[in-house]
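Asker: This is a predicted model, with the sequence first.
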Amino acid sequence: MSLAEELLDLAAATAREAGRMLVDKRPAGGPDVVQTKSSPTDVVTQMDRAAERLIIERIRAVRPGDGFLGEEGGSQAGGSGVRWVVDPIDGTVNYLYDLPDWAVSIAAEVDGEAVAGVVEIPRREETYTAVRGGGALQHTAAGTRELRVNAHVPLGRALVSTGFGYEAGRRARQAEVLTGVLPNIRDIRRGGSCCVDLCSLAAGRADAYYERGVQAWDIAAGGLIVQEAGGRVEGLHGAAPGPELTIAAGPGTFEALHDLLAPLDPARD
């Protein structure tokens, strides 16, 4: 078994345990908000923190020399060359409202490159996995299937996923960009979880995705899954995906969406 496969097995087992804990221990009235970040609507719950602690503890028990980058815990150095990029609940607002589109996202990087990724979507009973160079898979009670993105979908027939920031000024600017996108595509979907959107793209449930403001922990696992399903994940003009802008789609569709977005200046607030 390769190192990437070993890392994937550990990530998958850990994500499953964290997902079960988040479902089983979610308070009946919803989790308490313990902190806000960029705005009053950008929330952290006690379950975000509990899930991240569980994930780090489980991985450290097996690989004590690894580093971590977590949404809640920040960066923690390690000396092994392996770093885990963790989003304990991607889609915290969905989790807060008991909507199904939230996920546990865990990726393993070796020397700065993501080599294994898992997105666990407990409420949908779906798990998405990828190993660099080994393809992407969807695992459900019905079995396992290989994922392929939809390719060469004309923009006029493309279902495009996106998301919006939490700060009011950024949201207003994103709404302006959306007015330039919406007339040129089939429709927009806003699910509320970046990594769930990316997995939906990999599974052919959407044709493209774009968003400003996503962080490394949002896209590390989901981005690898899209790439291994045959898609592209980049920023504008060949830049790396990240907070300025992330675009993801299959061949042909990616280029068309990129060229629609670029003159709309989507990477500014």
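Answerer: Nice, thanks for sending it over.

Asker: give me the element L69 is part of.
Answerer: Secondary structure assigned from DSSP states H and E places L69 in strand 67-70.

Asker: quick one: average confidence on that strand?
Answerer: Mean pLDDT, strand 67-70: 95.

Asker: can you offset everything so residue one is 11?
Answerer: New numbering, starting at 11: the last item is strand 77-80.

Asker: could you say what helices and strands that strand packs with?
Answerer: Packing partners of strand 77-80 (3 or more Cβ pairs under 8 Å, 6 or more residues apart in numbering; DSSP states H and E): helix 56-72, strand 84-86, strand 92-100, helix 226-238. Yep, even glycine has a C-beta here, placed from its N, CA and C like the rest.

Asker: So which of the ones you listed is nearest L147?
Answerer: helix 226-238 (8.7 Å; Cβ to Cβ).

Asker: where does A124 land in three-state SS?
Answerer: The three-state assignment at A124 reads strand, by DSSP: H, G, I helix; E, B strand; the rest coil.

Asker: Quote the end-to-end distance of stretch 194-206.
Answerer: 24 Å (Cα to Cα, to the nearest Å).

Asker: Just the buried positions in that stretch, please.
Answerer: 195, 201-206 (16 or more other Cβ atoms under 10 Å).

Asker: Taking the residues you listed together, which two end up most distant?
Answerer: Maximum pairwise distance in the buried residues of stretch 194-206, criterion Cβ to Cβ, is 21.8 Å, between I195 and C205.

Asker: ranges for the helices of the stretch 61-210 of the chain?
Answerer: 102-106, 178-191, 204-212 (DSSP state H, counting those that start in this stretch).

Asker: Out of those, which one sits most buried?
Answerer: Mean neighbour count, computed with mean count of other Cβ atoms under 10 Å, is highest for helix 204-212 among the helices of the stretch 61-210 of the chain, reaching a mean of 30.

Asker: next SSE after it?
Answerer: Helix 204-212 is succeeded, C-terminally, by strand 218-221 (DSSP H and E).

Asker: which residues of the stretch 11-160 of the chain score low on pLDDT?
Answerer: Flagging of the stretch 11-160 of the chain using pLDDT under 70 yields the residue ranges 42-54.

Asker: wait, isn't I69 in contact with V95?
Answerer: No: counting by Cβ atoms under 8 Å, I69 does not reach V95; the two are 11.5 Å apart.

Asker: In terms of secondary structure, what does the longest helix along the chain contact?
Answerer: The single longest helix within the chain, with elements called by DSSP state H, is helix 13-34. Using 3+ Cβ pairs under 8 Å, 6+ apart, the elements in contact with helix 13-34 are helix 56-72, strand 92-100, strand 113-120, strand 123-131, strand 136-141.

Asker: I'd like to know which of the ones you listed lies nearest to I257.
Answerer: strand 123-131 (17.3 Å).

Asker: Okay, buried residues for the closest one please.
Answerer: 124-131.
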